[in-house]
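Engineer: how would this look folded up:
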Amino acid sequence: MNGSAISVPTTMKDLNQFIVSNSYPGVEFSQINTKAAAFETANGESVLVYYAPGCQPNNNETTEHNSQAKMCANFVFDMNGNKGPNTIGKDIGFLTVFYPIDSKVVAPIPHQRDAGTNIAQEDASAACTAQDPEYRIPNMYEKASLFTNKDLIGNITSCVGYNTSSVLSSTQAWRVGTQSGNFWVGEKSLARYLRCVKRN
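Structural biologist: Okay, here's the model as predicted:
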């Protein structure tokens with residue numbers, strides 16, 4: 001996103017640092033490390049596809065669970081092929097698919113920097129608007145997509161959790177951890193990091 005050159009990830013593991021197990025009970029999983037497929041469309045758009053054949057369905061979880069296990073496919077596209085500027089948010093973007101049935105499909109455009117590091121979920125919408133009127137707080141799938149593509153974005157803090165707009169109850173909201181990729185629940189008043197997005 002900052003215009004620096006990176007090596008193109010060639011596997012799911014290289015793309016989003018899949019964690020086979022971690023310290024959170026009940027959220028460990030295994031992932032087939034498939035290779036990426038690439039193609040170019042007739043109009044010159046380049047597309048990289050990462051596919052997870054063992055992705056898990058939506059079980060309407062209400063406790064901490066792993067977003068990576070729910071991610072079925074991730075597309076990274078460059079709208080003008082080899083032409084510049086080859087930068088995330090300009091001519092390069094990504095689209096992420098969660099769940100094999102009744103899929104959630106998101107294509108967020110992240111802001112270049114966090115809106116803050118100590119913002120409660122209930123204050124996050126106003127913080128995004130103050131940063132840029134075109135941006136808003138991401139839902140849990142958009143934030144998980146940012147986790148999946150964090151090496152492409154850069155400048156995402158490895159922390160316990162980023163706020164999302166997805167709520168579980170009148171007092172609780174979902175967060176996404178950028179260390180583990182976990183969805184977890186916390187009080188809306190709990191201050192966390194915030195990265196705002198535009199919808200693609």
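Engineer: C-alpha only now, for contacts and for neighbours.
Structural biologist: Noted.
Engineer: which secondary structure elements does the host helix or strand of L152 contact?
Structural biologist: Element membership of L152, judged by DSSP states H and E, is helix 150-153. With contacts taken as 3 or more C-alpha pairs under 8 Å, 6 or more residues apart in numbering; DSSP states H and E, helix 150-153 sits against helix 12-16.
Engineer: rounded mean pLDDT for the helix it packs on, please.
Structural biologist: Helix 12-16 comes out with an average pLDDT of 69.
Engineer: following element in sequence after that helix, please.
Structural biologist: By DSSP H and E, the next helix or strand past helix 12-16 is strand 37-40.
Engineer: how distant is that following strand from the center of its chain?
Structural biologist: On the basis of C-alpha atoms, centre = their mean, to the nearest Å, strand 37-40 sits 21 Å off its chain's mean C-alpha point.
Engineer: then stretch 60-72?
Structural biologist: 13 Å.
Engineer: and what of stretch 74-83?
Structural biologist: 18 Å.
Engineer: for the residue in the chain sticking out farthest from the centre, helix, strand, or coil?
Structural biologist: Largest separation from the mean C-alpha position in the chain: A42, at 28.2 Å (C-alpha atoms, centre = their mean). Look at A42: counting by DSSP: H, G, I helix; E, B strand; the rest coil, its state is coil.
Engineer: so what pLDDT did it get?
Structural biologist: At A42, pLDDT is 91.
Engineer: pull the residues that contact the helix or strand bottoming out on mean pLDDT in the chain.
Structural biologist: Ranked by mean pLDDT, DSSP states H and E, the weakest helix or strand in the chain is helix 12-16, scoring a mean of 69. Identification of contacts with helix 12-16 by C-alpha atoms under 8 Å, 6 or more residues apart in numbering yields 9, 18, 33-36, 50-52, 147-151.
Engineer: residue nearest the centroid of the chain?
Structural biologist: Central residue of the chain (C-alpha atoms, centre = their mean): S145, at 1.9 Å.
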